[in-house]
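Trainee: Sequence below, structure please.
(2 chains)
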There are 2 protein chains.
Amino acid sequence: MSFDFTPFLRDDLPPAAKPWGGFAEFNFVGGHVNAASVPGPSLVEALAKVMQRDGDRLGYYGLGHGSQGYLPLREYIAQMLAERTGMPTDPGEILITTGSLQGMDLVNDALLQPGDTVILEAVNYGGQLSRLRKLGVNYVGIEVDEDGMKMDALEDVLAAQKAAGAMAKYIYTIPTVQNPSATVMSLPRRQKMLDLAREYGIPIFEDDCYAELLWEGERPQTIRSLDDQGQVIYCGTFSKTIAPSLRTGYLVADWSVLSRLMPLKTDGGCGALEQMALAEYCPDNYANLVAGIRQILKGKCEAMAEALGEQFGAAAEFSMPKGGLYIWVTLPAEVDTDRLTKIAGEQGVAINPGSEWAADADYGRRRLRVCFGHPSKQEIRDGIARLAEICHAEFGVPLRGANVER
Amino acid sequence: MSFDFTPFLRDDLPPAAKPWGGFAEFNFVGGHVNAASVPGPSLVEALAKVMQRDGDRLGYYGLGHGSQGYLPLREYIAQMLAERTGMPTDPGEILITTGSLQGMDLVNDALLQPGDTVILEAVNYGGQLSRLRKLGVNYVGIEVDEDGMKMDALEDVLAAQKAAGAMAKYIYTIPTVQNPSATVMSLPRRQKMLDLAREYGIPIFEDDCYAELLWEGERPQTIRSLDDQGQVIYCGTFSKTIAPSLRTGYLVADWSVLSRLMPLKTDGGCGALEQMALAEYCPDNYANLVAGIRQILKGKCEAMAEALGEQFGAAAEFSMPKGGLYIWVTLPAEVDTDRLTKIAGEQGVAINPGSEWAADADYGRRRLRVCFGHPSKQEIRDGIARLAEICHAEFGVPLRGANVER
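Mentor: Below is the predicted model:
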């Protein structure tokens, strides 16, 4: 007989986890990177060096640098952000987090209560949408075009909220290589968003996790770099460039805000080895590593776009990403991607259904997100072909694929 | 002009963090270990080996082993717990956490709501007491003697709660090397606690973080090892043996419970490098490492006890710890250790005030916890001498120290 824990658990717990069943044969989900690009041995070499110099610090909580994280890593991040995003940053304004997900949880925990509202891009990161729903927080989606969130639409929402006396708690934006649209917000729109935030007195939470994965040109200035009044909380990560398994991200905010977020991080700090390895590895190697990864990902992205074109033809609409890991695909109205996700999953093709990646789930229901970071080009071709077959069998589209009538 | 975040923050946030000011000259606080015992280079060597074999996994969330953590580490923990604590454990019943603190947060998050009650040892880990207060949860302290929590007192509380129709949500216990009393619960009491938990239908949360630091003899059987009905949730850590900065702990529970806790861990996993390094290092080295650490800590403990005896004489009452990192000291009634902590802190001696380490803060007010893990023996002698001087200057006790009338 087994003890029944049910009466002791909170009523509002999420559903139970399922036992891990491994990855799908064709893994087009999650923020997985190109595994062969992960510089595992170099990280270990870097760690060996820093260990000789600074190994005694392992004996201390926070490596003896307090609860914000290993100081040399914060110094590197500060310098990198200043150089690459035009955002002068003090190491004292940085909190190392367990991936940017923990940073997001801290911001949500500090700012949000049930019944609150967040404004965000209408297609969005599913992990943020699900977090907000779990918190009982409403969200209002703002349409995105190729220059990012539309500022006239944002202004309309802000004005309506002000008129109703029900302002949102913050604007959440992924301005550079937005997830899932892969759009990049133009500089004038960044400035306009900040102006509107000033006018309506509302904070901005800028999620910059994908900004290093822009194929061409420099990283745009961050919105926080335009802000001299501490109105923008910023997060970044090493997950999408070095490796998601490292779980090393960071929050940047003025001390007056960061000092309120820090007590909510109750886990006693982030892992020492990742922080030490990254602090030693990155200064000399990060820029080169990322430049190489961009080229690999761009090639995979092109392979994915070609495969979609070949297998789905005109049935698959998408804009070519300017960077990142994902293509956001619109299928004909008769396709229900919730159902497609389920059936394809059973046949070895894992995709993210659009309903989970859109503020309006109905809008997302004929859309899907596919990640090209992990699979090889051949796996991309084979997996998209199988997805097209499955979609045809279930929904009658696409009618033709690879020049063959189905 | 700076943007005012105050109106956007939850009303019930904890106070702002203070900027990190470094450790005190004499650091007798926290769960710091003997820094020189941390096997930094060996962990790096282990990591280099596992990286050759398994490095590709860095490209995957959860190292491709799902959200429970790196499978080889879970396999090692399962085997170690079976061998050393008599607790057969399946790797599928283990969740790797960011230190045991995250495990504690997950258990509290799943089981507790404001107004609930937890039963625990009357002197206790300050981090658990402060968590419970923050959650609006009441706690009832049960007296501890040299054999651990007193079972007659526990039975009285359970009976009274049952009669009042207000049962606690769980019994929290640190049975082996209790924090701060350093007592070890006897095997009959462990069995009795489980019997009472059965009789009253209440879960046990067993915190075994210090169990490897028992000076003499084998680790006792865990309470969970006596339980074949899944009524005990168990946590452990590598923080107190290998290094607190690694932030690698674990929860053990039957899948029916663990699967409800896992969705509350929303940070996308724990750091890969620690998990890989520990999985490779521990099987051949953990037992020897810990055996050496025990001897070092025992020596420091004796130095601390001698220094307390020499400097405080009969004014400092304490039982000799059976292991661990702390001595729990009772001073004369005229001493207020909240005040002593503040004044000593200003003069370079950091101690933990008993009011934060006792379910009844008043009971703790003439008591304090001192950690001997980090300082050298000389620092222990010098720091305790300074503490005695400060205590004498403020409270008039101890009257004599080091054979000198003050």
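Trainee: Tell me how confident the model is about the helix ranked longest in chain A, as a mean pLDDT.
Mentor: Using DSSP state H to define each element, chain A has its longest helix at helix A:272-312. Across helix A:272-312, pLDDT averages out at 97.
Trainee: for that helix, packing partners?
Mentor: Here helix A:272-312 touches helix A:40-54, helix A:71-85, strand A:248-252, strand A:326-330, helix A:377-395, strand A:400-401, helix B:272-312, going by 3 or more C-beta pairs under 8 Å, 6 or more residues apart in numbering or on different chains; DSSP states H and E. All C-beta spots, glycine's among them, are computed from the backbone N, C-alpha and C.
Trainee: and it with strand A:248-252, angle?
Mentor: Put simply, helix A:272-312 runs at 100 degrees to strand A:248-252, going by axes from the mean of the first three to the mean of the last three C-alpha atoms, to 10 degrees.
Trainee: How far off centre is helix A:272-312?
Mentor: Distance of helix A:272-312 from the chain centroid (C-alpha atoms, centre = their mean, to the nearest Å) equals 14 Å.
Trainee: could the helices and strands packed on helix A:272-312 go into CSV alongside mean neighbour count and distance to B:Asn352?
Mentor: Listed next are the helices and strands packed on helix A:272-312 as CSV, based on neighbours: other C-beta atoms under 10 Å in any protein chain shown; distance: least, C-beta to C-beta, whole Å:
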stretch, mean neighbour count, distance to B:Asn352
helix A:40-54, 19, 27
helix A:71-85, 20, 25
strand A:248-252, 27, 29
strand A:326-330, 24, 49
helix A:377-395, 20, 55
strand A:400-401, 18, 68
helix B:272-312, 20, 14
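Trainee: among these, which is nearest B:Ala110?
Mentor: B:Ala110 lies closest to helix B:272-312 among the helices and strands packed on helix A:272-312, at 23.0 Å (C-beta to C-beta).
Trainee: for the stretch 151-300 of chain A, what are the low-confidence residue spans?
Mentor: Within the stretch 151-300 of chain A, not a single segment meets pLDDT under 70.
Trainee: where do the strands sit along it?
Mentor: With strands called from DSSP state E, counting those that start in this stretch, the stretch 151-300 of chain A shows them at A:170-173, A:204-207, A:232-237, A:248-252.
Trainee: The ones you listed into JSON lines, with extra columns for distance to chain B?
Mentor: Putting those into JSON lines (distance: least, C-beta to the nearest C-beta, whole Å) gives the following:
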{"stretch": "strand A:170-173", "distance to chain B": "7"}
{"stretch": "strand A:204-207", "distance to chain B": "10"}
{"stretch": "strand A:232-237", "distance to chain B": "9"}
{"stretch": "strand A:248-252", "distance to chain B": "7"}
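Trainee: would you list the helices and strands packed on helix A:272-312 in JSON lines and tack on distance to A:Ile242?
Mentor: Output for the helices and strands packed on helix A:272-312, formatted as JSON lines (distance: least, C-beta to C-beta, whole Å):
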{"stretch": "helix A:40-54", "distance to A:Ile242": "8"}
{"stretch": "helix A:71-85", "distance to A:Ile242": "12"}
{"stretch": "strand A:248-252", "distance to A:Ile242": "8"}
{"stretch": "strand A:326-330", "distance to A:Ile242": "18"}
{"stretch": "helix A:377-395", "distance to A:Ile242": "22"}
{"stretch": "strand A:400-401", "distance to A:Ile242": "37"}
{"stretch": "helix B:272-312", "distance to A:Ile242": "11"}
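Trainee: And the ones you listed: which comes nearest A:Gly136?
Mentor: strand A:248-252 (23.2 Å).
Trainee: What pairs with that closest one, parallel or antiparallel?
Mentor: strand A:94-98 (antiparallel), strand A:232-237 (antiparallel) (DSSP bridges).
Trainee: Nearest to A:Met185, out of the helices and strands packed on helix A:272-312?
Mentor: Of all the helices and strands packed on helix A:272-312, helix A:71-85 comes closest under C-beta to C-beta, at 13.2 Å.
Trainee: Other residues contacting the closest one?
Mentor: A:50, A:54, A:63, A:65, A:68, A:87-94, A:96, A:208, A:211-212, A:218-222, A:225, A:236, A:248, A:250, A:252, A:275-276, A:278-280, A:282-283, A:286 (C-beta atoms under 8 Å, 6 or more residues apart in numbering or on different chains).
Trainee: average pLDDT for it?
Mentor: The model assigns helix A:71-85 a mean pLDDT of 97.
Trainee: Check the separation of the first and last residues in stretch A:254-272.
Mentor: Taking C-alpha to C-alpha, to the nearest Å, the first and last residues of stretch A:254-272 lie 24 Å apart.
Trainee: sorry, that was for stretch A:327-336
Mentor: 18 Å.
Trainee: quick one, phi psi at the closest residue to A:Pro19 other than its chain neighbours?
Mentor: Excluding the flanking residues, the one nearest A:Pro19 by C-beta to C-beta, 6 or more residues apart in numbering or on different chains is B:Gly92, at 6.9 Å. B:Gly92 adopts backbone torsions of phi -70, psi -10, taken as degrees, to the nearest 10.
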